[in-house]
Each structure stands twice: as structure tokens, then as C-alpha cells.
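Trainee: This is a predicted model, with the sequence first.
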Amino acid sequence: MVSRFLGASEVPRGLLFVEASAGNLQAYLDRNNESTSITCRMKWRTQAAEATQYTHVKGVIHSDLRPENYLLHADANGFLNLYLTDVGGSTCREIDGGHLPDSGFFDPRKPWEST
């Protein structure tokens, strides 16, 4: 799944996405590696592949797929689902400019510009 976009924020300036109740995948596995079942891992593997496929079908190339960029959120039954997030370095074939500024390289004192 891909993290759902909720809107934009002016202060602080940024994009708002849904919350993740269990944090990112890397932190979760660092804390729960021994107790995470193979069934759960296989579900997350499938969800990661489906999210990547979805973005590619939409013309978006993520460019930074790693465990820290997948968030885990519990559904109504308490099962954790995987969400792809952090599209800051992504490119999109359909949008002029193609990139959002990467916060690591963006000077907040300057006007926002697509790269």
C-alpha cells in the first residue's frame, strides 16, 4: 500500500500523510525481529511489491526503497500493514520538474522550487 496523502501544511511547510501506529519497518524489526512471524514478513513483502508496482504504473519512480521508508500501521483487527512513504526523491514522468525537494538538500530560507 502507498501512504495516503491528507493535504499540505504551511507551518511547518510540508505534506501530510496518514499516521503509522508502529513506526517504520526497520525500527520495528530492530525491536521485534525474533517475534515477527514468517507469515507477517511474507504479507509485508507482498505489500511492498504491490506498492512499488502501483507507483510505477502511475509513472512514479520512488528512488529510495529501504526499510525506513515503509511504515507499519495496525488495521481495525490489530494486524500490521505496510505502507510505502517518503516520496521526496521520487521522479514522475507526468509532472514537469519531476522531483520534490529533498529536505537534506533544501534551504528553507529560499523559495521552494521543484528540482
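Mentor: In hand now; what should we look at?

Trainee: any chance you could map the helices in the protein?
Mentor: Secondary structure of the chain (DSSP state H): helices located at 25-32, 38-57.

Trainee: closest one to Gly7 among those helices?
Mentor: Of all the helices of the chain, it is helix 38-57 that lies closest to Gly7, at 19.7 Å by C-beta to C-beta. C-beta here means a position set from N, CA and C on the backbone, and glycine is covered the same way.

Trainee: Show the contacting residues for Leu72.
Mentor: Contacts for Leu72 (C-beta atoms under 8 Å, 6 or more residues apart in numbering) come out as Ala20, Ser21, Ala22, Gly23, Asn24, Leu25, Tyr28, Trp44, Leu80, Asn81, Leu82, Tyr83.

Trainee: Not counting sequence-adjacent ones, nearest residue to it?
Mentor: With sequence-adjacent residues excluded and distances taken as C-beta to C-beta, 6 or more residues apart in numbering, Leu72 is closest to Ala22, at 3.8 Å.

Trainee: From what I see, that neighbour and Tyr28 are in contact.
Mentor: Yes: with contacts counted by C-beta atoms under 8 Å, Ala22 reaches Tyr28, the gap being 5.4 Å.

Trainee: Just want to know which of these two has more residues nearby.
Mentor: Tyr28 (20 against 16; other C-beta atoms under 10 Å).

Trainee: ok, now which ones touch that one?
Mentor: By C-beta under 8 Å, 6+ apart, the contact list for Tyr28 reads Ala22, Thr36, Leu72, Leu80.

Trainee: Among those residues, which lie within strands?
Mentor: Leu72, Leu80 (DSSP state E).

Trainee: Could you pick out the one among the contacts of Tyr28 with the lowest pLDDT?
Mentor: In this model, the minimum pLDDT among the contacts of Tyr28 belongs to Ala22 (84).

Trainee: can you give me phi and psi for that residue?
Mentor: The phi/psi pair for Ala22 (degrees, to the nearest 10) reads phi -110, psi 10.

Trainee: and it, what is it in contact with?
Mentor: Residues near Ala22 by C-beta under 8 Å, 6+ apart: Tyr28, Leu71, Leu72, His73, Ala74, Leu80.
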